[in-house]
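Participant: The following block contains a protein sequence and its predicted model.
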Amino acid sequence: CVLGVEGVASMSYEACNKAWQDVTDAFVADAAELSLGELAHVEEFSLFDAMAAIELMDRKMDAGMDVFQSEHAPIKTFDEAIERGLAVSALSGEELVGVMDDIFSELMGWLEGHTLAQTLLTCMYLHDPERIHDPILKAFCNLLLKIAASIRVSVIAGGVAKEEDFQCAMAGFGFAEHLDDVTALDAVASCQTTMDERGWPAAIAAAVNLRLDFGCAFLRLLNATSNPQHSQKSQKFAGQALKRLEAIAEAQDIGTPRCTDPDVPKPFEPFINSHHLAPTPPREITRLSRAEAVVALRKDLRGLQQASLVVSHCTTLAAVMEFLKNFSRCGYGILPRSKLILLLQPEDQVAGRHSLTSLLRDDITAFVAPEVFVPGRPESQDSVSLEQTSHFLVAAKQVYVELFRYCCHNRARQRRLLAKVFGNMHGLHMAAAELDHFFTIARNGASAETEEDGGLQQEMVFASWVVFRTAELALEFLLLGFELDLYATPEYRPMLWCADYMLQWMVLTMQSVRQRLVANYAWNQQVRASSATAAAGKKKGKKKAKPKPLPELEFPWTWTWYRGLLELTKGYGMVLAAADLAGKLPPLPEMASAEILFHRRCAPFECLEQPTPPEYQHYRQQSDLSGVADASPAALYASSVTCFERAKAVMERLATSNALAPDTKQMVEGVAAVAKRNFVIAKLASAGHMDAKKAVKFQLGVGSDFPVLGFE
């Protein structure tokens, strides 16, 4: 603890630097005299000051002013910097390149979650570009301010950023509101035409021109990605920006290094905006180097490029969800994720092409083929039936609008938000059950409810779709725990069992739905044959034409995917059961309860009716093999070998499908690699080669969310 001799609140800048004393011992002694819950309060040190002084061990929350080592007071305004000799005209080419690169570094620091006051606005030139006499620097600063303004608007409109992700406060500054984007771009183009008049060497002029081109391409890209109709332009501008960024990365040593001399007026003053910061202890944010800024920029540009591709993927609901999952796994920053949700615009037209209601209708039709959605069925022409299904589709749309937005948050927050989705899915399941009940009564008559034995059994149609999608989200929730390394090693077995439990629900639902799809396919063939026969009867004397056959019935690739995952989770269950019998599972920490941990992990599922929530007693019954006479580690290891081999075969066959997107194919290949490695380990264990090992260990991050088995 340190304190100025005359009190912090009334001390001048010079006193704060020269009159510090160590009061740690006195502080500890005085604090010991306070009772529990008692606080000290004086006019110069309030509760707000006390809370602001607490170090939270977070580089964003703890950021503040650094201790000045200069004999002079810090520069407080741009005008003061100019008076002290800050160059605003006739900068050399090396100085311009250095300033441009440092501004890009500060821009990326802002996108990492730091405040504008500590990043971009530490650049003196951005405070008032109109005071700059150098035309190139002035045009570049105005261009960067327009880029910052566009980013700020997009992130706020996207609504997928929290306080720790992005700081939108402008600290009383403006973003060149008197200029529009076209004027800013024209000013840059004008400077580029007069570049030869500066008399710089060719390499310096090319470096300056390259950075101006990059800024223009970046601004055009930001504007293009705000409209789903400009997807092709977005790809074009993203390619241009990436090409110029790679050229910048190859020649980063041209610019003048950032000045660190506190006694010299310099373009960047880390403490120029200290009056906008909380009274935190003396600390300064960790700044990105120029090389680190290029890496961060490259990732964001690729994210923007990929986000613009969502327009071409919006053919089905399944394709949109697959795109969102693959995009999220890439770990892009707040800017690409905000642009993605703005491009989707699920409340209106998804990516400007299809209504979400029509995508939901097509997805339900492809999954379970309800009669009301099949042309030619009596239900599809009944106004009451159509009205009932429209109410259900409105409810489903509300759930998926929220789900789309959740998928654009970062991975850690996605998991917390997914826990809230299950309550919405439960409400949607209730609506689906009511709709199925309506069609059951309409099809069999009102007397069906009064028949003996409880009436006619209700067929699950819409409810089957909801159950499958709910189990799919539950599986995603569980696997995110592995990806984020949230589970302790002793929790792997129950969590993998829960994943297996949800996969069983999905496979059972697919089996029941398959029968409906086959029956609907046969009905379509019969209708087509009848139509062809009737048409031939009207054309007497003409040769009877054969009806055009329907395309072969195909099922989604995800059905094969989930069957393969079920084999994989069964293999995990066998291996871990064998390791448990052999005493090779790591124990729980002292004072920990397996049942409490299980309920905590599965708490988000408790609101569900179907799929029924996993129960700890059910898990214990299935995992306890002490009463099974023929259960032995060797036999269980051998059974797991078979399961892993099947999973590997399914994934390798699926990876050869042309229907998979590149990112999805990479995911399938990753699971195939995990299954292969687990197959090898299980085979070695079944042969007794792991008997000398002490415990099972897991390795995460090997191309998949699923862990790789091992022994140590």
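Facilitator: Looks like it came in fine. Everything quoted here is computed from the prediction, not taken from an experiment. Numbers count the residues shown, from 1 in each chain.
Participant: Report the buried residues of the helix or strand hosting residue 464.
Facilitator: Counting by DSSP states H and E, the element that carries residue 464 is helix 462-483. Within helix 462-483, the residues that qualify as buried by neighbour count (16 or more other C-beta atoms under 10 Å) are 462-483. For the C-beta atoms, the positions are set from N, CA and C on the backbone; glycine is no exception.
Participant: quick one: residue 362 and residue 319 touch, right?
Facilitator: No: the criterion here is C-beta atoms under 8 Å, and residue 362 misses it with residue 319 at 10.7 Å.
Participant: Return the distance of the helix holding residue 464 from the chain's centre.
Facilitator: Distance of helix 462-483 from the chain centroid (C-alpha atoms, centre = their mean, to the nearest Å) equals 17 Å.
Participant: Just the buried positions in stretch 267-278, please.
Facilitator: 267, 268, 269, 270, 271, 272, 273, 274, 276, 277.
Participant: On the three-state scheme, the closest residue to residue 707 other than its chain neighbours is what?
Facilitator: Nearest non-adjacent residue to residue 707, counting by C-beta to C-beta, 6 or more residues apart in numbering: residue 698, 3.9 Å away. State at residue 698, reduced to three classes by DSSP: H, G, I helix; E, B strand; the rest coil: strand.
Participant: distance of residue 698 from residue 685?
Facilitator: 14 Å (C-beta to C-beta, to the nearest Å).
Participant: Let me see the contact set for residue 603.
Facilitator: residue 419 (C-beta atoms under 8 Å, 6 or more residues apart in numbering).
Participant: How about the one 5 residues further on?
Facilitator: For residue 608, the contacting residues are 422, 425, 426, 429, 470, 474, taking C-beta under 8 Å, 6+ apart as the criterion.
Participant: who's more crowded, residue 698 and residue 685?
Facilitator: residue 685 (27 against 16; other C-beta atoms under 10 Å).
Participant: any idea which helix or strand carries that one?
Facilitator: Going by DSSP H and E, residue 685 is part of helix 662-686.
Participant: Any buried residues in that helix, and which?
Facilitator: 663-665, 667-679, 681-683, 685-686.
Participant: Which pLDDT does the model give residue 145?
Facilitator: With respect to pLDDT, residue 145 scores 94.
Participant: quick one: contacts for it?
Facilitator: Per C-beta under 8 Å, 6+ apart, neighbours of residue 145: 126, 129, 174, 175, 176.
Participant: Name the nearest residue to the first one, sequence neighbours excluded.
Facilitator: Meaning residue 126. Counting by C-beta to C-beta, 6+ apart, the residue nearest residue 126 is residue 141, at 5.5 Å.
Participant: Tell me who's in contact with that neighbour.
Facilitator: 103, 123, 125, 126, 129, 132.
Participant: Check residue 231 too.
Facilitator: Counted by C-beta under 8 Å, 6+ apart, residue 231 has contacts 308, 309, 311, 312.
Participant: Of those, which is the most crowded?
Facilitator: residue 308 (27 neighbours).
Participant: Am I right that it is in contact with residue 234?
Facilitator: Yes: using C-beta under 8 Å, residue 308 is in contact with residue 234, at 3.6 Å.
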